[in-house]
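**Q** Next come a sequence and a model predicted from it.
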Amino acid sequence: MREKITSGQNKRVKQWRSLSSKKGRQATQSYLLESWHLVQEAIKARQPMTAIMGTAEELAAHEVQLPQSVPTFELTDSIAKTIGDTGTPQGIFATLPMPSETVVDPETAAGTWLFLDYVQDPGNIGTMVRTADAAGLTGVVFGKGTASRFLPKVLRSMQGSQYHLQLVEADLHDWIKAFTKRGLPVYGTNLDPHAKDYRDVKPMAAGAIVMGNEGNGMAPDLQAMTTMNLYIPIKGQAESLNVAIAAGVVMFRVIE
């Protein structure tokens, strides 16, 4: 049976609103998805859900695909507008428990990985995760200073690709050291005197690519740890490439 909520002061509504903040997510150990596309991707990936909420119109439009085992709440249009984080309210949401921290040992991690060093723009992070998914990478390591993957804007930008990859929060020093120790290539993406044109690198079936901060690039100590640093030749007059664009160019060229 579907519960109708008509008061903006309802305790559930207050809790759902709180999920836009880190404090709210930590207090409830849950996070919020907004838009049918994200909710649908979570359903397809069989992600556990604690609630599905939406306007009568949105719930009716997707009723056939909604899991019957998940509590469903019908919201008024005005309440739905206060829960979302987007400028244009989507009208349908879901809450999910924070997943147990993915523990992957870099000493045994297989496949190809993207390492994010202090990347802070949610759009860039989401685009890189989606591109990593499209390029067939195994996972993404969120290094120190990188924005949380549970930020509403990051979730929207990832567009469900977070359910197709292994996402790990860890110290990149440990991962780079472990990969290079195993003889796996780790390619940085900063221009230095010894950097190599990314087109001259042999495609790899296992290893990693490191993308750095939007303004400052990779941390110098990480640059010094990589197997090699790569650069993308710029033919026009632009000073540099957006980090997400650069990541896509390198991933599709360097990943086997």
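**A** Looks like it arrived, so ask away.

**Q** From A195, how far out is A208?
**A** Distance from A208 to A195, counting by Cβ to Cβ, to the nearest Å: 16 Å. In this view, the C-beta of every residue, glycine as well, is placed from N, C-alpha and C.

**Q** The two: which is more packed in?
**A** A208 (30 against 16; other Cβ atoms under 10 Å).

**Q** I figured that one hits V186, correct?
**A** Yes: taking contacts as Cβ atoms under 8 Å, A208 lies within contact range of V186: 4.7 Å.

**Q** Report the set of residues contacting both of the two.
**A** Residues touching both A208 and V186 (Cβ atoms under 8 Å, 6 or more residues apart in numbering) are 115, 176, 179.

**Q** Who are the contact partners of the first one?
**A** What that stands for is F115. Going by Cβ under 8 Å, 6+ apart, F115 touches 140-141, 143, 172, 175-176, 186, 208-211.

**Q** wait, is it part of a strand?
**A** Yes: the assignment for F115 (DSSP: H, G, I helix; E, B strand; the rest coil) places it in a strand.

**Q** Distance check, it against E41.
**A** For F115, the distance to E41 - Cβ to Cβ - is 24 Å.

**Q** I'd say S20 and F93 touch.
**A** No: between S20 and F93 there is no contact under Cβ under 8 Å: 11.2 Å.

**Q** Find the residues that touch each one of those two.
**A** Taking Cβ under 8 Å, 6+ apart as the contact rule, S20 and F93 both touch L32.

**Q** And the two? Which one has more around it.
**A** F93 (25 against 18).

**Q** what's the helix or strand F179 falls within packed up against?
**A** When secondary structure is defined using DSSP states H and E, the element that contains F179 is helix 172-181. Applying 3 or more Cβ pairs under 8 Å, 6 or more residues apart in numbering; DSSP states H and E, we find helix 172-181 packed against strand 112-116, strand 186-188, strand 207-211, helix 220-223.

**Q** wouldn't L75 be in contact with T55 here?
**A** Yes: between L75 and T55 there is a contact under Cβ under 8 Å: 5.7 Å.

**Q** Compare neighbour counts for the two and give me the winner.
**A** A count of neighbours by other Cβ under 10 Å puts L75 above the other of L75 and T55, at 27 against 20.

**Q** Cheers, nothing more for now.
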